[in-house]
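Engineer: Just need the structure, nothing else, for what follows:
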Amino acid sequence: MISTYKVLIPLPSVDFDPSETSIPWKILKENGYEVFFATPNGRPGSADFRMLTGKGLGIWKPILIAHKKARTAYNEMISDPNFQSPISYKDLKAENFAGLILPGGHAPGMKEYLESEELQKFVGSFFATGKPVGAICHGVVLAARSKLPGTDRSILYGKKLRLF
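Structural biologist: Below you'll find the model as predicted:
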């Protein structure tokens, strides 16, 4: 039986949004949850450097750069042993986790996360358990592409979503 406090945050190898990952991680950790990470190859991922540094954002820098609280949380998160030793997508099992957070990002490296058939299969099997799933920004795209096991329908088919 799994601990009710294990939550998974899958990530791409590069380019995930640091705010959409580190803030949920920090809130979960502060509330007693153990947070695990997964990447395509089982190696630590790295956030979109533009969102961390503001370099390359041009006039959009003040709006798009991760705020200080998120950058601080990101630096804490990347030191977490579970971040340093992520699980490979191929080794994910829905029964090992009580919750799932699907963060987003908008840089090119997100494609491997959004298009991964292994990750989509896992998300579909996890969703079928009825356990809580949170999807942020482009994480909803991953959810929409994931199918319920044994069907050709998205896990979101017929669902009402709360979007902010």
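Engineer: Only C-alpha atoms from now on, for both contacts and neighbour counts.
Structural biologist: Noted.
Engineer: mean confidence for the helix or strand that E76 is a member of?
Structural biologist: Using DSSP states H and E, E76 sits within helix 68-77. Mean pLDDT, computed over helix 68-77, is 98.
Engineer: Not counting that helix itself, show me its contacts.
Structural biologist: By CA atoms under 8 Å, 6 or more residues apart in numbering, the residues outside helix 68-77 that reach it are 18-19, 21-23, 25-26, 52, 83.
Engineer: And stretch 97-107, by the same measure?
Structural biologist: The set of residues external to stretch 97-107 that reach it, using CA under 8 Å, 6+ apart, is 2-11, 15-17, 20-21, 48, 110, 126, 131-140, 142-143.
Engineer: Show me what counts as buried in that stretch.
Structural biologist: When burial is assessed from 16 or more other CA atoms under 10 Å, stretch 97-107 yields the following buried residues: 97-105, 107.
Engineer: how distant is that stretch from the center of its chain?
Structural biologist: 2 Å (CA atoms, centre = their mean, to the nearest Å).
Engineer: same deal with stretch 6-20?
Structural biologist: Its chain's C-alpha centre and that of stretch 6-20 lie 4 Å apart, by CA atoms, centre = their mean.
Engineer: got the CA coordinates for it in PDB?
Structural biologist: Provided in PDB are the C-alpha atoms of stretch 6-20 (Å, rounded to 0.1, in the frame of the first residue of the first chain):
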ATOM      1  CA  LYS A   6       3.400  10.600  -2.400                       C
ATOM      2  CA  VAL A   7       2.800  13.000  -5.300                       C
ATOM      3  CA  LEU A   8       4.500  12.900  -8.700                       C
ATOM      4  CA  ILE A   9       5.600  15.800 -10.900                       C
ATOM      5  CA  PRO A  10       6.700  14.600 -14.300                       C
ATOM      6  CA  LEU A  11       9.000  17.000 -16.300                       C
ATOM      7  CA  PRO A  12      10.700  17.100 -19.600                       C
ATOM      8  CA  SER A  13      14.500  17.000 -19.800                       C
ATOM      9  CA  VAL A  14      14.600  20.800 -20.400                       C
ATOM     10  CA  ASP A  15      12.500  23.900 -20.600                       C
ATOM     11  CA  PHE A  16       9.800  23.400 -18.000                       C
ATOM     12  CA  ASP A  17       8.400  26.500 -16.400                       C
ATOM     13  CA  PRO A  18      10.200  27.000 -13.000                       C
ATOM     14  CA  SER A  19       7.200  28.700 -11.400                       C
ATOM     15  CA  GLU A  20       4.700  26.000 -12.400                       C
END
